[in-house]
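In: dropping a prediction and its sequence here:
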Amino acid sequence: MKLNLPALFTLSTVILCLGCTDHDIETVTYPEMAEASNPVVLTNANGIDVYNGGFGSALVQDPNDHNIFFLLTDRGPNIDGTVANSKVFASPGFTPQIGKFRLSGHQLTLEKIIELKNENGVKINGLPNPVGQGFSGELALDLAGNTLANSADGLDSEGMAMAKDGTFWISDEYGPHLVHFDADGKTIERINPFGSGKGGRKIPLVFASRRPNRGMEGLTITPDGKTLVGIMQFPLYNPSSAAVSGSLVTRILAYDIVAGTSKEYVYLIDRANLQANSEIVAVNNTEFLVLERDGEYATDANRSTVIKKIYKISLTGATDISDPMNSATGKLYGGSTVEQLKTAAALASNGITPVTKTLVADLMTDIASLYPHDKAEGLAVINSTTIAVSNDDDFGVTGTGTYTSKILPATGKLDKNRIYFIKLKQPLW
């Protein structure tokens, strides 16, 4: 009898696998796509329902139960305002959070919410930081147009990694910050360019020149548990936006958790002015996957030009561009910042080798059904031949100045959180 299962594939149990990881031994059946079921209404913005979806900015599979996935929200439901650099927050008191979801067939069921808290156990928020503490230059407004106060506890959470002890590391788009949370969401330490970490621990000052709303979008931890590896979404405004126009240069930070030291590497994006790097995840201690994208909704008509690609990269042989002086511009080459060099040719002429990158998956061709979302933001390695990608549904809203429902052009339906499981053409190891 022939079974017709077009949307499901089963990963058979591996009896013998030399040199592989535990994720190669699978008894879980993964669908092509699973969708979060029935998100609750968080608030109403002038007649538009805003959902407590928003999960999908980052994705981690539970190492002990492969049916469990942890998905991260960002700072909360917001849209661009009509005033320059303004953001309109529908729920200013929203607490960034981690959702624990269980996979069952094509459905993701929310089992638990872990709200993120500061070191005193007080819930944090998603509002911009004060000057000198990660200020992004953004003006936060409520629905009535009132200015919202900046918050030292504000976090625009985007990248997430789970340590072996069950704690979480989260990166963000303000500071950027690297924040260590315990399993219940309480802050253990917040590390940033301004030295707020324990014992004054910090990341290089140059990272403070991140473009607003294009911070440390991706974060992972190496399998040996020693190093956090984060990737910036966009070229740093280093020394300014105009100076780096057209640049392909983005930075990867490798942060030694125990020593508090770091190295930096160049990752060249495919094309200038992409939304660019959404996530990074470890394959081993030196190789990683990077999710690179534009901001376009995919439809059948434009799927050949939309960019939602996943590359395998290697740090081996790449130049460490760290600045021993920890200056605001980072190490200079012929008087120029790394971002001002802009291209592979200019990097090479200055003795800089970027990380290597090899395409391993394209969401526009490697998913049988259309990937209809504008955003692909979470990434996880399931095993050597399977990866998972989550979308950020923006809490089901969009707009400029006025909230509207976020409807996918390809389907005519509300954007919801999903995880797509992608079978690779070539194994990762």
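Out: Cool, got the structure. Predicted model, so just to flag it, every value in this text is computed and none were measured. Numbering: from 1, shown residues only.

In: what's the burial count for the closest residue to residue 174 other than its chain neighbours?
Out: Excluding the flanking residues, the one nearest residue 174 by Cβ to Cβ, 6 or more residues apart in numbering is residue 134, at 4.0 Å. C-beta here means a position set from N, CA and C on the backbone, and glycine is covered the same way. Using other Cβ atoms under 10 Å, the number of residues around residue 134 comes to 27.

In: please apply the same query to residue 46.
Out: Applying other Cβ under 10 Å, we find 10 residues neighbouring residue 46.

In: for it, what are its contacts?
Out: The contact partners of residue 46, taken as Cβ atoms under 8 Å, 6 or more residues apart in numbering, are 143, 402, 403.

In: I figured the last one hits residue 45, correct?
Out: Yes - taking Cβ atoms under 8 Å as the definition, residue 403 is a contact partner of residue 45 at 3.9 Å.

In: got any residues that touch both of the two?
Out: Counting by Cβ under 8 Å, 6+ apart, the residues touching both residue 403 and residue 45 are 90, 397.

In: which of those two has more neighbours?
Out: Between residue 403 and residue 45, counting by other Cβ under 10 Å, residue 403 is the more crowded of the two (24 against 21).

In: show me the contacts for that one.
Out: Taking Cβ under 8 Å, 6+ apart, we find residue 403 in contact with 45, 46, 48, 50, 79, 88, 90, 397.

In: partners of the third one in the sheet?
Out: Counting by DSSP bridges, residue 48 is bridged to residue 45.

In: separation between it and residue 395?
Out: 10 Å (Cβ to Cβ, to the nearest Å).

In: try the first one
Out: Summarising the geometry, the distance separating residue 45 from residue 395, computed by Cβ to Cβ, is 10 Å.

In: touching both of these two, which residues are there?
Out: Common contacts of residue 45 and residue 395, defined by Cβ under 8 Å, 6+ apart, comprise 77, 90.

In: any idea how far residue 368 lies from residue 31?
Out: Here residue 368 is placed at a distance of 11 Å from residue 31 (Cβ to Cβ).

In: same question, residue 309
Out: The spacing between residue 309 and residue 31, counted by Cβ to Cβ, is 22 Å.

In: just residue 239 next, same as before
Out: Relative to residue 31, and taking Cβ to Cβ, residue 239 is found at 48 Å.

In: sorry, back to before: helix, strand or coil for the residue nearest to residue 174?
Out: Three-state assignment for residue 134 (DSSP: H, G, I helix; E, B strand; the rest coil): coil.

In: does residue 133 touch residue 194 like I think?
Out: Yes - using Cβ under 8 Å, residue 133 is in contact with residue 194, at 6.2 Å.

In: now do the shared contacts for the two.
Out: Residues touching both residue 133 and residue 194 (Cβ under 8 Å, 6+ apart): residue 175.

In: so where's the stretch 301-429 of the chain uncertain?
Out: Scanning the stretch 301-429 of the chain for pLDDT under 70 picks out no residues.

In: could you show me where the helices are in it, in order?
Out: Ranges of helices in the stretch 301-429 of the chain, per DSSP state H, counting those that start in this stretch, are 338-341, 344-349.

In: burial count for the closest residue to residue 374 other than its chain neighbours?
Out: Counting by Cβ to Cβ, 6+ apart, the nearest residue to residue 374 once its immediate chain neighbours are dropped is residue 297, at 4.6 Å. The local packing of residue 297 (other Cβ under 10 Å) involves 19 other residues.

In: mind listing the strands for the stretch 1-150 of the chain?
Out: Counting by DSSP state E, counting those that start in this stretch, the stretch 1-150 of the chain has strands at residues 8-10, 29-31, 33-36, 41-45, 48-51, 58-61, 68-72, 78-80, 86-89, 97-104, 107-115, 139-141.

In: and of the ones you listed, who's closest to residue 161?
Out: Closest to residue 161 of the strands of the stretch 1-150 of the chain, according to Cβ to Cβ: strand 58-61, at 6.9 Å.

In: let me see the mean pLDDT of the closest one.
Out: Here strand 58-61 scores 98 as its mean pLDDT.

In: for that strand, packing partners?
Out: Contact analysis of strand 58-61 by 3 or more Cβ pairs under 8 Å, 6 or more residues apart in numbering; DSSP states H and E lists strand 68-72, strand 157-162, strand 378-383, strand 386-390 as its packing neighbours.

In: ranges for the strands of the stretch 151-300 of the chain?
Out: 157-162, 168-172, 178-181, 187-191, 216-221, 227-232, 249-256, 262-268, 276-282, 287-293.

In: any stretches of the stretch 51-200 of the chain with poor pLDDT?
Out: For the stretch 51-200 of the chain, no range has pLDDT under 70.

In: which residues touch the residue nearest to residue 374?
Out: Residues near residue 297 by Cβ under 8 Å, 6+ apart: 306, 372, 373, 374, 408, 409, 410.

In: what number of residues are in the vicinity of the second one?
Out: Using other Cβ under 10 Å, residue 372 has 19 neighbouring residues.

In: with the fifth one instead?
Out: As a burial measure, residue 408 scores 19 neighbours (other Cβ under 10 Å).

In: isn't it right next to residue 372, touching?
Out: Yes - with contact defined as Cβ under 8 Å, residue 408 counts as touching residue 372 (4.6 Å).

In: out of the strands of the stretch 151-300 of the chain, the one nearest residue 128 is which?
Out: strand 168-172 (11.0 Å).

In: which residues sit against that closest one?
Out: Identification of contacts with strand 168-172 by Cβ under 8 Å, 6+ apart yields 58, 60, 70, 72, 98, 116, 155-163, 177-183, 185, 215-219, 221, 228, 230.

In: if you set the cut-off to 6 Å instead, what comes out?
Out: By Cβ atoms under 6 Å, 6 or more residues apart in numbering, the surrounding residues in contact with strand 168-172 are 155-162, 178-181, 216, 219, 228, 230.

In: same check on stretch 231-247?
Out: Contacts of stretch 231-247 (Cβ under 6 Å, 6+ apart): 209-211, 214, 216-218, 249-252, 272, 276-277, 280, 329, 337, 339-340, 342.

In: how many neighbours does the closest residue to residue 98 other than its chain neighbours have?
Out: Using Cβ to Cβ, 6+ apart and skipping residues adjacent in sequence, the residue nearest residue 98 is residue 114, 4.2 Å away. Neighbour count for residue 114, taken as other Cβ under 10 Å: 19.

In: against residue 55, how distant is residue 114?
Out: Per Cβ to Cβ, residue 114 is found 11 Å from residue 55.
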